[in-house]
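> Test case, fold it:
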Amino acid sequence: MAQYDFEAIVIGSGFGGAVNVCRLAKKWPAKVMLLERGKRYPMGSFPRTPHDMANNFWNVAHQSRSRPANIRGKDMDGLFDIQHFKHMDAVACAGLGGGSLIYANVFLQPPDEVFDQRWPQNCKKADLQPYYKAAKSVLGARPIPQNDDPRRQIIRTELFKQFAQHEGRDSELVDINVFFGNDFEQPLDIGVQQKNRYGAIQTSCVYCAECDVGCNTHSKNTTDLNYLFVAEQRYQAQIKTAMLAEKIVPLDEQGNDAPQEKGAHGYRVYWLDLNNNKVQCSATSQRVVVSAGTLGTNELLLRCRDIYQTLPNISQQLGLHFSGNGDFLSFVIDGQKAANPNYGPVITQKTDYNLYNNFDRSKAFILEDASYPNFAAWYTEGLKPGFSHFHALWRTIQVFFRRFIYGITTGRVGYAFTQLLKGDASFNSAVLLCMGLDNSQGKATLDSSGFLNIDWPYQQNMSLYQAIIDMGKRFKHWAGGKLFLPLPNWLWPMRSNVTVHALGGCRLADDPLKGVTSAAPENFGQVFAYQGLYVADGALLPTAVGANPVATITALSERVAEGITGIVPDPDGEL
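Below you'll find the model as predicted:
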């Protein structure tokens with residue numbers, strides 16, 4: 001085919017898609033297009049009111065997916081894409097920046113032991129070091145600043161450190177992709193704005209604990225403020241939002257759709273314009289990078305192979321070796337030690353449990369301190385059992401009555417309000433965020449309606465989950481908490497976990513009998529049997545990594561881009 005619409009089309013704008021649209025647009029300025037199903041989020045645009053948060057979910061009405069009842073059947077363009085599977089629910093993100101808009105900021109390399117025989121020989125941790133270094137620099141990873149400013153003191157960081165000491169475990173501050181100014185040695189004052197090194201305006205972190213619901217001050221180093229910003233502003237990449245990719249079809253020499261071809265003549269990508277009555281659009285390209293997130297990428301490729309039959313030669317390994325990265329969220333409620341989980345970046349430290357030291361694959365995980373926004377704390381207060389506020393409520397009613405009948409001062413009313421809210425359960429409650437090495441033996445398939453389904457063998461991972469639960473119970477006892485509470489869907493008989501770190505299904509390998517994508521340096525991430533068709537996101541990972549996977553996803557995606565462009569990423573983060 002003599003002429004293509006683009007040199008490359010990238011599907012998805014999370015870490016993998018952002019890396020590739022930026023690197024490929026540098027190679028081919030103005031000739032790379034990005035398709036993102038979600039919308040843009042300028043500074044200050046993330047929902048916060050009860051009405052807007054209730055509608056802050058993703059759904060396409062004509063799709064018969066398994067969704068929460070309150071959003072099923074509605075067209076919704078919010079951040080959170082929640083999907084229900086067998087023993088595993090998953091949370092993904094829709095928006096320009098993908099998962100970076102709601103991730104917990106942590107940049108952490110896994111230990112060497114993670115890269116076992118399931119990882120290709122030339123894809124071990126040592127091989128990825130140049131890509132980790134480049135990604136870390138671009139994403140601005142660093143520990144939270146430590147100085148005498150009382151506003152930088154985070155109570156829960158010290159709480160988790162003390163618990164680690166009690167347990168005889170190692171605790172350390174983690175590198176987080178949060179903006180504290182361009183000078184790492186001299187952090188910018190809290191709340192002060194500055195252009196980052198790529199020209200995007202950011203705010204020095206305001207410690208609002210809203211990282212996971214979209215940062216309205218743009219203090220998170222999301223991909224729309226670095227990779228995507230440069231791709232669009234410097235290299236004229238065409239970034240199209242509210243575009244839902246549907247199908248990828250190889251072309252023949254004349255430029256016609258030809259499912260029997262294997263990519264030598266390029267591809268046509270079909271998508272729905274969600275801003276224009278879901279009208280179908282298409283464009284041709286010499287190469288396609290699928291970076292729709294682990295869930296989206298697996299589903300798109302499965303549908304192209306098994307339903308549309310436009311990519312019939314994709315390996316039968318597609319969808320296998322799915323992992324939830326051992327995610328497990330729980331809470332210790334109303335302890336005797338202050339936690340203040342409503343202040344600071346969402347994660348600041350990690351405590352190691354047999355992942356980095358005394359490695360034990362059957363129960364290897366890390367514990368991280370977690371926060372949640374202030375507005376959620378008010379909701380938590382409202383959920384307290386009625387009897388716990390009965391006496392304070394009665395006192396409040398009495399004082400208000402006396403105020404209006406007898407003219408008692410408003411100071412007494414203020415005192416009564418303090419009585420109503422004292423015994424702050426949220427201030428003394430801790431959020432325990434764990435992730436570890438599950439066995440990565442989940443299976444992604446299509447259901448009878450042609451949409452993704454995950455079969456998660458939770459029973460095979462009980463040694464990990466039990467180790468996490470046992471730790472949580474010890475935390476409750478140590479903190480004097482009233483209750484240790486895993487997420488309710490984990491309770492018997494459901495035994496359904498939740499992951500925010502879906503991985504695998506298109507894993508890297510040396511041949512198509514072992515995986516879906518090539519680990520060879522010259523065509524790293526290319527789908528076996530298809531020239532010019534690549535995967536670059538969490539679907540590439542052969543196993544769980546235990547640590548927060550952003551660092552590894554971004555590093556692998558940098559390596560995919562290098563194989564396509566021949567341009568080695570700059571270790572100092574120059575884009």
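> Next, count neighbours for residue 91.
Neighbour count for residue 91, taken as other CB atoms under 10 Å: 19. (C-beta placed from N, C-alpha, C; glycine too.)
> Doesn't residue 89 belong to a helix?
No - under DSSP: H, G, I helix; E, B strand; the rest coil, residue 89 sits outside any helix and is assigned strand.
> For it, grab the count of nearby residues.
22.
> Model confidence score at it, please.
Reported pLDDT at residue 89 in the predicted model: 89.
> Mind listing the residues bridging to it?
Assessed by DSSP bridges, residue 89 has beta-bridge partners residue 84, residue 498.
> from what I can see it touches residue 496, true?
Yes - assessed by CB atoms under 8 Å, residue 89 is found in contact with residue 496 at 6.0 Å.
> what do the two both touch?
residue 489 (CB atoms under 8 Å, 6 or more residues apart in numbering).
> what residues are up against residue 175?
106, 107, 108, 136, 141, 142, 143.
> That one: what's its closest spatial neighbour, skipping adjacent residues?
Spatially, and ignoring its direct neighbours in sequence, residue 175 is nearest to residue 141 (3.9 Å; CB to CB, 6 or more residues apart in numbering).
> Okay, helices next: where are they in the stretch 451-575 of the chain?
Using DSSP state H, counting those that start in this stretch, the helices of the stretch 451-575 of the chain run over residues 462-479, 550-565.
> typed the wrong thing, it's the stretch 201-350 of the chain
227-233, 293-306.
> okay if I get those as TSV plus distance to residue 371?
Listed next are these as TSV, based on distance: least, CB to CB, whole Å:
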stretch	distance to residue 371
helix 227-233	26
helix 293-306	24
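> who wins for proximity to residue 346 among those?
helix 293-306 (19.6 Å; CB to CB).
> what angle sits between the closest one and helix 550-565?
Angle of helix 293-306 versus helix 550-565, following axes from the mean of the first three to the mean of the last three CA atoms, to 10 degrees, is 50 degrees.
> who does helix 293-306 touch, helix- and strand-wise?
strand 88-93, strand 243-250, strand 279-290, strand 442-446, strand 452-455 (3 or more CB pairs under 8 Å, 6 or more residues apart in numbering; DSSP states H and E).
> Now do the shortest one: which elements does it pack against?
Helices and strands in packing contact with strand 452-455 are listed as strand 80-85, helix 293-306, strand 442-446; criterion 3+ CB pairs under 8 Å, 6+ apart.
> closest one to residue 555 among the ones you listed?
Per CB to CB, nearest to residue 555 of the helices and strands packed on strand 452-455: helix 293-306, 16.0 Å.
> what angle separates that closest one from strand 88-93?
Using the same axes, to 10 degrees: helix 293-306 against strand 88-93 is 100 degrees.
> returning to what we had before: got a winner among the contacts of residue 175 for most neighbours?
Going by other CB under 10 Å, residue 106 tops the contacts of residue 175 with 26 neighbours.
> and that one, what does it touch?
Shown in contact with residue 106 (CB under 8 Å, 6+ apart): 174, 175, 176, 177, 347, 350, 368, 547, 548, 550.
> do you know how far it is from residue 545?
12 Å (CB to CB, to the nearest Å).
> And stretch 325-344, end to end?
The first residue of stretch 325-344 is 25 Å away from its last residue (CA to CA, to the nearest Å).
> List the buried residues for that stretch?
Neighbour-count burial for stretch 325-344 flags 325-335, 337, 339-344 (criterion: 16 or more other CB atoms under 10 Å).
> got it, and stretch 235-242?
235, 237, 238, 239, 240, 241, 242.
> Output the contacts of residue 175 in a markdown table; the columns should cover distance to residue 528, secondary structure and pLDDT.
Formatted as a markdown table, the contacts of residue 175 follow (distance: CB to CB, whole Å; DSSP: H, G, I helix; E, B strand; the rest coil; pLDDT from 0 to 100):
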| residue | distance to residue 528 | secondary structure | pLDDT |
| --- | --- | --- | --- |
| 106 | 32 | strand | 98 |
| 107 | 30 | coil | 98 |
| 108 | 30 | coil | 98 |
| 136 | 30 | helix | 98 |
| 141 | 33 | coil | 98 |
| 142 | 38 | strand | 97 |
| 143 | 40 | coil | 96 |
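> Same list, those, but as CSV with distance to residue 46 please.
CSV is the format used below for the contacts of residue 175 (distance: CB to CB, whole Å):
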residue, distance to residue 46
106, 20
107, 22
108, 25
136, 26
141, 22
142, 24
143, 25
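> Return the residues in contact with the residue nearest to residue 575 when sequence neighbours are not counted.
Leaving aside its sequence neighbours, residue 575 sits nearest to residue 230 (CB to CB, 6+ apart; 4.4 Å). Going by CB under 8 Å, 6+ apart, residue 230 touches 22, 198, 199, 575.
> Pick out the most distant pair among those residues.
22 and 199 (13.3 Å).
> Distance of the nearest residue to residue 76 once chain neighbours are set aside relative to residue 101?
Closest residue in space to residue 76, ignoring its immediate chain neighbours: residue 59 at 4.5 Å, by CB to CB, 6+ apart. Note on residue 59: its distance to residue 101, by CB to CB, is 17 Å.
> tell me which helix or strand of this structure sits lowest on mean pLDDT?
Between all helices and strands in the chain, the lowest mean by mean pLDDT, DSSP states H and E belongs to helix 410-421, at a mean of 42.
> just checking, next helix/strand downstream of that helix?
Once the chain leaves helix 410-421, the next helix or strand it forms, by DSSP states H and E, is strand 430-436.
> helices and strands around that next one, which ones?
Here strand 430-436 touches helix 155-167, strand 328-333, strand 365-370, helix 462-479, going by 3+ CB pairs under 8 Å, 6+ apart.
> looking at those, which is buried most?
Neighbour counts (mean count of other CB atoms under 10 Å) averaged over each of the helices and strands packed on strand 430-436 peak at strand 365-370, with a mean of 26.
> For it, which helices and strands make contact with it?
Applying 3+ CB pairs under 8 Å, 6+ apart, we find strand 365-370 packed against helix 155-167, strand 349-353, strand 430-436, helix 462-479.
> Any idea how far the third one is from the middle of the chain?
Offset of strand 430-436 from its chain centre (CA atoms, centre = their mean, to the nearest Å): 15 Å.
> Check which residues of that strand are buried.
Applying 16+ other CB under 10 Å to strand 430-436 flags 430, 431, 432, 433, 434, 435, 436 as buried.
> which one of these is nearest residue 299?
Among the buried residues of strand 430-436, and counting by CB to CB, the member closest to residue 299 is residue 435, at 23.2 Å.
> ok, residue 531 to residue 286 distance?
10 Å.
> And the two? Which one has more around it.
Ranked by neighbour count (other CB under 10 Å), residue 531 and residue 286 place residue 286 first, with 21 against 17.
> Adding mean pLDDT, write the helices of the stretch 201-350 of the chain out as a markdown table.
Formatted as a markdown table, these follow (pLDDT from 0 to 100):
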| stretch | mean pLDDT |
| --- | --- |
| helix 227-233 | 98 |
| helix 293-306 | 98 |
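> contacts for stretch 451-458?
63-66, 83, 85-88, 90, 295, 298-299, 302, 322, 324, 439, 441-447, 465, 495-497.
> Now restrict those to buried residues only.
65-66, 83, 85, 87-88, 90, 295, 298-299, 302, 322, 324, 439, 441-446, 465, 496-497.
> Show the contacting residues for residue 143.
For residue 143, the contact set (CB under 8 Å, 6+ apart) comprises 173, 174, 175, 176, 348.
> May I ask which two of those are separated the most?
Using CB to CB, the contacts of residue 143 span at most 10.5 Å, a distance reached by 175 and 348.
> Just want to check the distance between the closest residue in space to residue 515 that isn't next to it in sequence and residue 571.
Leaving aside its sequence neighbours, residue 515 sits nearest to residue 509 (CB to CB, 6+ apart; 2.6 Å). When distance is defined by CB to CB, residue 509 is 28 Å away from residue 571.
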